Each structure stands twice: as C-alpha cells, then as structure tokens.
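Enquirer: give the three-dimensional model of this entry:
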Amino acid sequence: MKKIAIIGSGNIGLSLAKGLVKADFAQAANITLTRRNIDHLKSFADAGFVVSNQNKEAVVSADVVILAVLPQQLNTVLDEIHSFIDPAKHLVISVISGVSCAAVREKLGESVEVIRVMPNTAIAIGQSMTCIASDNASAENIADVTKMFETVGSVVKINEDLMTSATALCACGIAFFLRAIRAASQGGVEIGFHADEALKMAVQTAKGAADLLLLHGTHPESEIDKVTSPKGCTIAGLNEMEHNGFSSSLIKGIKLSALKAGNLYTKES
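Expert: Below is the predicted model of the structure:
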C-alpha cells in the first residue's frame, strides 16, 4: 500500500483524504496530513490519520506527495522539500491553481513525475468533476491518480493547455449552475411558492435533470424533446428564455471566465 503525504491540508486535501479512506483506496494510517497549525487536524488524528507540521518528514516517508497549499505558499514549500524528493520513488500531484507541471519540476527536478489535478468544490461531498493532466507521468501513475480522484467524483484526463478552459467549465461552472438554480427558485417565488419550497423544488429538479443525462447517457436536447409538446408551456418558456439570451449568456460567461483564468495563470506561474 503506497503512503501518501498531503502537504497543506485545507478543504481540498482533507476532502480527498476522507474520500480515499471511505473508498478503501488507502488506510488512514498511510496518509500524512500536514498543516502549520495541527490543532485544526485533531479530528483527523483521532480518526487514525498521521498529522504533522513537518513537511520534510512527511515527504521522506511518502510515495505520493500531494501539493495542496495556496499558490503564494508554493515556492516556499518547494524550496523546503526539494532536497528530499527522490524521482525514483516519489510521484508529485499538484492541485494548486495556475501552476504548471513544468513550474513544479523546475523547483523539484526535471526527472520528477508531476501530475496536475483540478477538482472543484463539490469534492467536499464526493461529487467533484476533476480534470488531470501531465506531460511526463507514466500511464501507470496516470491510472493510479485517476482511481485516487474517482473516490471523490468523476475524472477526465485532458491536455494541460486546456486546464484554463477546464477551470471555466468545471470550477467556475459550479457557480454558474448554482446561479441558474437560484434564478429558477426566484421564478418559483414569483409564481406563488414560499422561498424555501421554491428552492427545494429547483434544486431537486436540477439534480433530476443532471441525473437523467448521467444515467441515460443522452444528449440534453433528447431529454428536452420528452417534455416539450406542440404549443405547450415548456417550449413557450424555453423560447422566451432563448429570446432573452439564455444559452448565449452562459456561453459568453464561460468564454470570459476561461480568458480571465488564463490571465491569472500567467501571473501566478
């Protein structure tokens, strides 16, 4: 069983740790969680995880090193651990926004295998849409990391140059779909429901729509066709939304977010 060190155990790192244990991918005793203030990790220590504020020691005892610190903390951490990284032993995974595999290797050594991973906030409930990319990792390590992050959602392997696009669609996308649900619930209030009722209805309807596509493997339009009838209320509502730019505004928003993400990445890298 490989030993894992999660350097910088914030929300993403802790969610992953819980997912790995829950799915029997790893045992808590084989996962080291690091954080400057380990008082925040007491519940994880009680659950059998190894907790530490010593990044170097965590790296030495690990086979897989997951970098989950804030972007502004990364260079300090890489300088701290680079002497303890063994390319023949360690696989390095980075979940840090805007940092390329090449940028990590520049600090840790060109022969180190690095995989870049981008989950979204739904990792907290095991429903992340996670994108992974690497320009030098072996097929075996890519497969292992895919299995690792499948414990907390779905995984798609992409080219690294698409990471900014993935940020817009999957990470920013969480907010876009949440805003659509909020708008639907506000519409529900306007047509007579109490706010809590309208929100519950909108949330479950959105979940049902997503599950129809996931479980049936169908295209959205084929499911839309099942609810639209000639001169019906559904097609009337859909057309009104489209006349007011529903699809267009979502597409434009995703494109602008991708552009902004690319600029942020350039500044951070």
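Enquirer: can you give the domain ranges for this protein?
Expert: Annotated domains of the chain cover 4-159, 173-261 [automatic domain parsing].
Enquirer: end to end on the longest one, go ahead and measure it.
Expert: Its start and end residues considered, domain 4-159 measures 25 Å (CA to CA, to the nearest Å).
Enquirer: what is the mean pLDDT for that domain?
Expert: When pLDDT is averaged along domain 4-159, the result is 95.
Enquirer: returning to what we had before: any idea which of the domains of the chain gets closest to T167?
Expert: domain 173-261 (4.3 Å; CB to CB). Every C-beta, even on glycine, is put in place using the N, C-alpha and C of the backbone.
Enquirer: would you map the helices across this structure?
Expert: Using DSSP state H, the helices of the chain run over residues 11-22, 42-46, 55-60, 71-81, 101-108, 139-150, 163-166, 172-190, 195-216, 220-225, 233-243, 246-268.
Enquirer: contact partners of the first one?
Expert: This points to helix 11-22. Here helix 11-22 makes contact (CB atoms under 8 Å, 6 or more residues apart in numbering) with 4, 6-7, 9, 25-28, 31, 33, 44, 47, 49, 66, 68, 95, 119, 121, 123-124, 126, 148-149, 151-152.
Enquirer: if we can go back for a sec, quick one: closest of the domains of the chain to S165.
Expert: Nearest to S165, of all those, is domain 173-261, at 5.0 Å by CB to CB.
Enquirer: before we move on, the earlier item: can you add mean neighbour count and give the helices of the chain back as CSV?
Expert: Shown next, in CSV, are the helices of the chain (neighbours: other CB atoms under 10 Å):
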stretch, mean neighbour count
helix 11-22, 21
helix 42-46, 13
helix 55-60, 19
helix 71-81, 16
helix 101-108, 18
helix 139-150, 16
helix 163-166, 22
helix 172-190, 14
helix 195-216, 13
helix 220-225, 11
helix 233-243, 12
helix 246-268, 14
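Enquirer: out of those, which gets nearest to K89?
Expert: Taking CB to CB, helix 55-60 is the member of those nearest to K89, at 9.7 Å.
Enquirer: which other helices and strands contact the closest one?
Expert: strand 4-7, strand 31-34, helix 71-81 (3 or more CB pairs under 8 Å, 6 or more residues apart in numbering; DSSP states H and E).
Enquirer: closest to S111 out of the ones you listed?
Expert: helix 71-81 (15.3 Å).
Enquirer: ok, back up a step: would TSV of the helices and strands packed on helix 55-60 with distance to K157 be doable?
Expert: Converted to TSV, these look like this (distance: least, CB to CB, whole Å):
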stretch	distance to K157
strand 4-7	20
strand 31-34	24
helix 71-81	23
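Enquirer: list the residues that contact A198.
Expert: A198 is in contact with 184-189, counting by CB under 8 Å, 6+ apart.
Enquirer: and the pLDDT for the residue lying closest to it once chain neighbours are set aside?
Expert: In space, A198 comes closest to G188 once its chain neighbours are excluded; the distance is 3.0 Å by CB to CB, 6 or more residues apart in numbering. On pLDDT, G188 comes in at 98.
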